[in-house]
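K.L.:
I'd like to go over a predicted model; first the sequence, then the structure.
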Amino acid sequence: MRPNFFLDDEDEAIAKSYFKKVNSIGFVCVGLALTIITMPHPERAAWFVFAVAIIYAFSHGDGYRKIVASYLLRHKGFGGGIRLVLKVALFVLGTSLLSGIGLQVLTPEVLGMLP
């Protein structure tokens, strides 16, 4: 039987579904980060949203947790790690913005949002 290069195997389908869900969480996090940064004291709100996003992402990862060991073997090395991070780029961006706000690294003055 020849392999089908156009259809994903079951593990790839599970991973794509999870990455899509995680990236949608990240998209919401980016919007919330841009809203939170305008608050007078945004640190607590940023940490709260960060915690909720992480908990939500982990709570919806049951299928992915079952295949993660075999899936990570497909993406070995530095290049494979970069490809995995790029698959969840919106989630990484959103949580990075929230943690930057929580750590007071990102402020409205740093971002140039205030005159």
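P.N.:
Yep, it's here. Numbers count the residues shown, from 1 in each chain.
K.L.:
contacts for stretch 11-27?
P.N.:
By CB atoms under 8 Å, 6 or more residues apart in numbering, the surrounding residues in contact with stretch 11-27 are 8, 53, 56-57, 60-61, 63-64, 66-67, 70-71, 87-95. Yep, even glycine has a C-beta here, placed from its N, CA and C like the rest.
K.L.:
ok, now stretch 66-76?
P.N.:
Against stretch 66-76 from outside (CB under 8 Å, 6+ apart): 11-12, 14-15, 64, 80-81, 83-84.
K.L.:
ok, of the contacts of stretch 11-27, which come out buried?
P.N.:
53, 57, 64, 67, 71, 87-88, 90-95 (16 or more other CB atoms under 10 Å).
K.L.:
in helices, which of these appear?
P.N.:
53, 57, 64, 67, 71, 87, 90-95 (DSSP state H).
K.L.:
which one of these is nearest to Gly31?
P.N.:
Gly94 (8.4 Å; CB to CB).
K.L.:
ok, now how distant is the closest one from Ile25?
P.N.:
Distance of Gly94 to Ile25, computed by CB to CB, to the nearest Å: 7 Å.
K.L.:
what touches both of those two?
P.N.:
With CB under 8 Å, 6+ apart, Gly94 and Ile25 have common neighbours Ala53.
K.L.:
which residues of this structure fall in helices?
P.N.:
Going by DSSP H, the chain shows helices at 10-36, 43-59, 62-73, 77-87, 89-102, 108-111.
K.L.:
what backbone torsions are found at Thr107?
P.N.:
In terms of degrees, to the nearest 10, the main-chain angles of Thr107 are phi -130, psi 160.
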